[in-house]
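Novice: What shape does this take:
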Amino acid sequence: MKNNYLESVRKQFEYYKLLGDKAMAQVPQEKLTWQFNQESNSIALIVKHLSGNMLSRWTDFLDSDGEKEWRNRDEEFEGPQTGKEELLYSWEKGWTCLFNALESLNEQDLDKLVYIRNMGHTVTEAINRQLAHYPYHVGQIVFLAKMLCTTDWVSLSIPRGNSKDYNTEKFSKAKHTAHFTEELIRQKKV
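Specialist: Sure thing, here's the model as predicted:
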């Protein structure tokens, strides 16, 4: 069960990273910094925040507080905003830190205590906390990307009006034993 948990959360994180990858790939560079108003975030600021959070939470995951002294969270929501290449570098750096930390864990680690802002969490709770946090922001990225691309948007799931055809195609085949997210990631489809 516990080994399956670590594998399952890794697949979930991979799935949400893939959603973000595919959404951002559709957005022209000049639109990555667009903000609806002063209180809302651009895609670039969301990525900056996610990367900062990931680096803080997952660096020395078992041995130091997840809110590192070197992190400046407020700065993650301020400019200047970077170009697409730098943005994607930051995105990848955060995810790499997360996946390396997950890879280092084993089932005996899941009940260990780690701290985030001096509050104790089991490793499982800390992972679950981030598994709720990151998809929340990836959803924001997808929503913004869809708005910014308008008619050029390529759906990341079943396009409007295609549910019946999609289901017909899926149910015409034998049951598939691969895990849902594993299959989507393997196919690079969402």
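Novice: can you give me the mean pLDDT across stretch 39-46?
Specialist: The pLDDT scores in stretch 39-46 average 95.
Novice: mind listing what's buried in it?
Specialist: Asn41, Ser42, Ile43, Ala44, Leu45, Ile46 (16 or more other CB atoms under 10 Å). Placement of C-beta: from N, CA and C, glycine included.
Novice: List the contacts of that stretch.
Specialist: Stretch 39-46 has contacts (CB atoms under 8 Å, 6 or more residues apart in numbering) with 24, 27, 31-35, 49, 76-78, 81-82, 87, 137, 140-141, 144-145, 148.
Novice: quick check, distance from it to the centre of its chain.
Specialist: 15 Å (CA atoms, centre = their mean, to the nearest Å).
Novice: quick one: terminal-to-terminal distance for it?
Specialist: 13 Å (CA to CA, to the nearest Å).
Novice: longest helix anywhere in the protein?
Specialist: Among the segments of the chain that qualify as a helix by DSSP state H, the longest is helix 123-149.
Novice: quick one on the thing from earlier: what about the contacts of stretch 39-46, which are in helices?
Specialist: Mapping these onto helices (DSSP H) picks out Met24, His49, Leu87, His137, Gln140, Ile141, Leu144, Ala145, Leu148.
Novice: out of those, who has the most neighbours?
Specialist: Ile141 (25 neighbours; other CB atoms under 10 Å).
Novice: So for the residue lying farthest from the centre of the chain, what's the pLDDT?
Specialist: Of all residues in the chain, Ser172 has its C-alpha farthest from the mean position, at 32.1 Å, by CA atoms, centre = their mean. In the prediction, the pLDDT value recorded for Ser172 is 87.
Novice: Low-confidence stretches in the chain?
Specialist: The model of the chain has pLDDT under 70 over residues 1-3, 81, 178-190.
Novice: same thing but at 80, please
Specialist: 1-3, 79-82, 176-190 (pLDDT under 80).
Novice: by contact count, what packs against the longest helix of the chain?
Specialist: Using 3 or more CB pairs under 8 Å, 6 or more residues apart in numbering; DSSP states H and E, the elements in contact with helix 123-149 are helix 2-25, helix 43-58, strand 113-116.
Novice: go again using 10 Å as the cut-off
Specialist: Judged by 3 or more CB pairs under 10 Å, 6 or more residues apart in numbering; DSSP states H and E, helix 123-149 is in contact with helix 2-25, helix 43-58, helix 84-104, strand 113-116, strand 119-122.
Novice: Turn the ones you listed into CSV, columns for distance to Leu131.
Specialist: Formatted as CSV, the helices and strands packed on helix 123-149 follow (distance: least, CB to CB, whole Å):
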stretch, distance to Leu131
helix 2-25, 6
helix 43-58, 11
helix 84-104, 10
strand 113-116, 14
strand 119-122, 13
